[in-house]
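*Asks:* give me the fold of what follows.
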Amino acid sequence: MAVEEVKRRGAKVKEALIESKDQRWHCRNRVTLVFGSNDIEELDTYIYTKESLEFKKVNFHQAKSKAVEEILDNCIDEFYRGHVTEIHVNLAPDGKNVTVQDNGIGFPLQKIKDVYTEFRTGSKFKDEEVDEKGYLYRTLGQNGLGASATCLTSDSFKVTVRHYNSKKEQSYEFLDGALKIKKTPEKTFKGPSGVKIDVVLAKEVYKNQVIDRELLRKRIIDLAYNNPGLTFYFNDEKYMYKKGLFELAQRIAPDSAQLIGDQAFEYETTNVKGAKVKAKYDLHLSLCFDKKSDDKERMISFVNSTPTYDGGFHHDRIKRLFINTVKDKLERTAKKDKLTLVDNDVLAGTTFVIGIVMPNPRFESQTKRKLVRDTFLEKALESFMVDGMEKFMRKNKEILDHILERAKSRQRLMDLKDASKLAKKGKKQRVEKLLDANERKDRTKCTLFICEGDSAIGGLRSARDKLYQGGIALKGKPMNVSQASIKEVLENQEFADIMSSIGLAIGQKVDPKDHDLRYSKIVFLADSDVDGGHINTLLTNFFFTFWPEMFEHGMIQIAKAPLFEVVTDKGTVYCESQNELETLKSKKDVKIKEIMRNKGLGEMSPEAFKHVLNRREFTKISVKNMSASKDMLETCFGKESQLRKDLLIDSEEIDVDLTNIIAGKKKSKAEART
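*Replies:* Numbering: from 1, shown residues only. A predicted model of the protein is given here:
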């Protein structure tokens, strides 16, 4: 099909101007393509203090920072090759001039101009080549762009190369992005070989020539941690670490830092020429765990000594393997406790320190901030994490327990939110079992009796002061809240009715002056037997677990039902215990006509009920020591049965009554009788 001619064009049209730009122009005007953003960004990282470090947000200029790092990276590559033991860096007081010098072997002097002014010039293109030991090369630089891009975007770039093999040195000075070039004659040198570079970045390109001292210092210390045995000098400071990145972890958290693994992994493959080659991955992982922190995990990671701020494959894989291993280990316990572990339960408060040295790392861009997937690295990481995590699990039961507690706290918080919603609903709903007080204006005058059984509520109905006294009946023994989740407590109808009747919400503190509170006193009214005592302690546990402040305000009380109704010539006397009855019998001036023993509240006479309810004060359950009381209730009602066994063995002949349980004290039988 023929292409139709476009109509309505003029006789002549303006054509696009085709231009050719040299490397210098392209680098200076498109610096973001080589070094990344040329604007200041906010970077979430850390700064080294004198002996520790501080996590903070810093103003970070990616392009300017990368321009200087490219010179440092060349020194590290020479260290990988075994040629460098010292690197000296000096930053001028005004922050504009930086000098980097190593004691490597240098390179042929005739290549100086090409190395620093021409792209794609260098010694690091041997992706498939091996060193003298037969291993694939491991380098930071791969594209032959870095140092030349720094030179072309500098106002001044001075280079002195001392070539070890020729014993000759020569200096070049590249000015205004290498528009002007000066050089000295070759000459013989004495002392160490190596390369020295003195740089002043171009104001025209970077807008601000000043190099951030703290960020440069950070980069140098990072390099020292990544390369154990390599000595760095920055102005008057010296940095050299023998244990590498584990020392960085110890600097972050001296007490909790631990080494997960520091291993080398090797594999064999074939290069493009079909020859067999070996490759080596050095992997390091240290971990710091802050139990007090619920902050998101931190990842400090390096690939071939360069910081991977934006993470990538190694971040994702290590994090996922760590999470899955911990979850698998805790799966049975979590299932037993009805917990669902989420990733943040495992990761919160954790700092990972990751170091990887590998052949041919592939990054998303020249800035090397994000690593892309590598098949051999994936295999190495999986093997590495299996070995390291097995030891970690054995050594860190305390951390695993804390992760479970964190999951419980999270679940508890979710349940508290549900409780708050249910409380609002409950206040609007009528509680069918509630025998309510009639007072409407001042509910602080009202008392709620929690009774054992419907028969007791029947007696309460006829004997109470209807204006100020209300009642609600329990069916059997209430739930042990120490062995239940908040969700289970909320789903318990009896506790839901009690909370609605009083106006309580789990997770919300109680103030007796609160207008939303429907009763200011809660009185337990149970049979005077072992079962009644058990009910009272379970109710005490319920209120103390969720509203301990009610005990401080004297709101939780016990009404003692009389065991005996004794008809005498002087009227009816009510005895709460066998001792009281015996004391009454011993009185010579009292003639006993009849003794009626109440097996429970349901057998009490209306008069006995009135006697109980007409008291101005009941027995307040006071708390002298909140912490001791909490521990005692946990011992008595918690899931750990051994604690109860130990308590019984230690106590032997000791009887523990309700008020002393709450006060965290024990009472001998003799004292109890008295």
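*Asks:* give the buried residues for the lengthiest helix in the chain.
*Replies:* Identified as the longest helix of the chain according to DSSP state H is helix 397-428. Using 16 or more other C-beta atoms under 10 Å as the test for burial, helix 397-428 gives 399-400, 403-404, 406-408, 410-412, 415-416, 419, 422-423, 426. Where C-beta positions appear, they are placed from N, C-alpha and C, glycine not excepted.
*Asks:* now do stretch 465-473
*Replies:* Within stretch 465-473, judged by 16+ other C-beta under 10 Å, the buried ones are 468-473.
*Asks:* do stretch 106-114 as well
*Replies:* Buried residues in stretch 106-114 (16+ other C-beta under 10 Å): 106-107, 109, 112-113.
*Asks:* next, format the residues you listed as TSV and append secondary structure, pLDDT and distance to residue 343.
*Replies:* Putting these into TSV (DSSP: H, G, I helix; E, B strand; the rest coil; pLDDT from 0 to 100; distance: C-beta to C-beta, whole Å) gives the following:
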residue	secondary structure	pLDDT	distance to residue 343
106	coil	94	50
107	coil	93	48
109	helix	95	56
112	helix	93	52
113	helix	93	53
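*Asks:* switch those over to a markdown table; also include distance to residue 76.
*Replies:* Shown next, in a markdown table, are these (distance: C-beta to C-beta, whole Å):
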| residue | distance to residue 76 |
| --- | --- |
| 106 | 16 |
| 107 | 16 |
| 109 | 22 |
| 112 | 20 |
| 113 | 23 |
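*Asks:* hmm, back to that, the helix or strand following the longest helix of the chain pairs with which strands?
*Replies:* Remark: after helix 397-428, the chain's next helix or strand is strand 447-452, criterion DSSP states H and E. Partner strands and pairing direction for strand 447-452 (DSSP bridges) are strand 469-474 (parallel), strand 521-525 (parallel).
*Asks:* out of the ones you listed, nearest to residue 601?
*Replies:* strand 521-525 (6.8 Å; C-beta to C-beta).
*Asks:* only C-alpha atoms, please: export that closest one in CSV.
*Replies:* This file holds the C-alpha atoms of strand 521-525, laid out as CSV (Å, rounded to 0.1, in the frame of the first residue of the first chain):
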residue,chain,number,x,y,z
LYS,A,521,-19.5,0.4,94.3
ILE,A,522,-19.3,-3.2,93.1
VAL,A,523,-20.1,-5.7,95.8
PHE,A,524,-19.5,-9.5,95.5
LEU,A,525,-22.2,-11.5,97.2
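*Asks:* contact partners of that strand?
*Replies:* Here strand 521-525 makes contact (C-beta atoms under 8 Å, 6 or more residues apart in numbering) with 446-452, 456, 460, 471, 502, 535-536, 539-540, 543, 550, 555-559, 561, 601, 612, 618.
*Asks:* rewinding a little: which one of the buried residues of stretch 106-114 is nearest residue 96?
*Replies:* So of those, ranked by how close each gets to residue 96 (C-beta to C-beta), first place is residue 112, at 23.6 Å.
*Asks:* so that closest one touches residue 173, yeah?
*Replies:* No - counting by C-beta atoms under 8 Å, residue 173 is not a contact partner of residue 112; they are 11.0 Å apart.
*Asks:* okay, and the common contacts of the two?
*Replies:* Residues within reach of residue 112 and of residue 173 at once, by C-beta under 8 Å, 6+ apart, are 159, 183.
*Asks:* correct me if wrong, but residue 513 is in a strand.
*Replies:* No - counting by DSSP: H, G, I helix; E, B strand; the rest coil, residue 513 is not found in a strand; it is coil.
*Asks:* just name the shakiest helix or strand of the protein by mean pLDDT.
*Replies:* helix 669-673 (a mean of 34; mean pLDDT, DSSP states H and E).
*Asks:* so what touches stretch 572-587?
*Replies:* 528, 560-566, 568, 590, 592, 595, 607-608, 611, 673.
*Asks:* identify the farthest-apart pair in the residues you listed.
*Replies:* Largest pairwise distance in the contacts of stretch 572-587, by C-beta to C-beta, is 28.4 Å, between 607 and 673.
*Asks:* any low-confidence regions in this protein?
*Replies:* 1-8, 10, 120-131, 140-145, 271-272, 422-428, 638-674 (pLDDT under 70).
*Asks:* domain map for it?
*Replies:* Under the assignment automatic domain parsing, the domains of the chain span 19-242, 246-403, 564-597, 623-674.
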